[in-house]
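> Sequence unavailable; structure follows:
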DNA sequence: ATATGAAGTGTTACACAATAACATTGATTA
DNA sequence: TAATCAATGTTATTGTGTAACACTTCATAT
């Protein structure tokens, strides 16, 4: 099931961020990968945004905040790391990044992106992946990675 | 069902292209939209490519061929028109365009993209769309447009 | 036929997205 | 502590897409 969404005023999003960062640390140490200060800061910025955030937006926020400013390659490297680790997903239809709620286990997700407010919900839909794999198999095609982005209107906006 | 793929040597792809162009004309006149010379030429270039083709690649091919050279806005406008009309789909994960086999009726598709040879198969999967809509509805989300891109290995490459 | 407005295309310049290549710093480990 | 590799800094460039305005072509009504 999906956790409360950032725009959901009924929850403390700061706590949400804090949990995500702590969880990320746990995940990384368990894997022997390093969540450096920069990477953690970028992850924090991604989580702070209430909608998918672009790389240049992350960069701008780094400059504004108390962090050391960074150039595009630095930001992209941090984001790539986070995506590799499954801590963050990239939405290719908007070139934007969003924090992952279930970074522990590898998974492909399905995203519901509101075309009005950009609020984005991540769904875990194993049954659909099964079904897609079956369809693909009929064409003798084997799926490695699935990118599913659905746009429409969220509960608030419709 | 899916038509023969461009890389399938058992079929005459030129015929394929010719049919697609004729069909496009039919569709457009039926709708009262105009498939101009430029738009038709761009559509032809998209179909000629044996894999999804980028906007700048289309532009380069226009310059090379006997067509009048064109600037980016011109090419993007033509491509946008073709996408609007459903004659062409855009793959957002690769910023590339591919001809649609079933332009007559509005539909969202699912694409199987080979990560080795970029061969791309378009699947029509109404059952999965149903299922996705049902999942979305549980979050009070209504889907307008679905973008499903699956990468993996095609029959040839695996 | 021809004026008129809308749709389409041309052109220039620019904004946004991403990476190549190389220098430097920081963290392990022999 | 020297050597090594991972991470970050830096500069420059490539790739993707659009804003804004000029010009042309097409459809239609008069």
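Received the coordinates, thanks. Just so you know, these numbers come straight off a predicted model, no measurement behind them.

> List the buried residues for the helix or strand harbouring residue A:21?
Here residue A:21 sits within helix A:13-31, counting by DSSP states H and E. For helix A:13-31, burial by neighbour count (16 or more other CB atoms under 10 Å in any protein chain shown) applies to A:13, A:16-17, A:20-21, A:23-24, A:27-28. The C-beta positions use only the backbone N, C-alpha and C, and glycine is treated the same way.

> of these, closest to residue A:142?
residue A:27 (27.7 Å; CB to CB).

> Tell me, what's the model's pLDDT at the closest one?
Note on residue A:27: pLDDT of 96.

> and the helix holding residue A:21, what does it pack onto?
helix A:37-48 (3 or more CB pairs under 8 Å, 6 or more residues apart in numbering or on different chains; DSSP states H and E).

> where do the helices sit along chain A?
A:13-31, A:37-48, A:55-64, A:72-84, A:126-138 (DSSP state H).

> does DNA strand C sit close to the longest strand belonging to chain A?
The strand that spans the most residues within chain A, counting by DSSP state E, is strand A:142-153. No - using CB under 7 Å from any atom of the strand, strand A:142-153 never reaches DNA strand C; the gap is at least 13.0 Å.

> which parts of chain A sit against DNA strand D?
Close to DNA strand D, as judged by CB under 7 Å from any atom of the strand, chain A has residues A:33-34, A:36-39, A:68, A:70-74, A:77-78, A:81.

> Also near DNA strand C: which of these, exactly?
Okay, of these touching DNA strand C (CB under 7 Å from any atom of the strand), that's A:34, A:71-73.

> Find the pair from the residues you listed with maximum spatial separation.
A:34 and A:72 (21.4 Å).

> Can you get me a residue count around the closest residue to residue A:24 other than its chain neighbours?
Excluding its sequence neighbours, the residue lying closest to residue A:24 (CB to CB, 6 or more residues apart in numbering or on different chains) is residue A:87, at 5.1 Å. When neighbours are counted by other CB atoms under 10 Å in any protein chain shown, residue A:87 registers 27.
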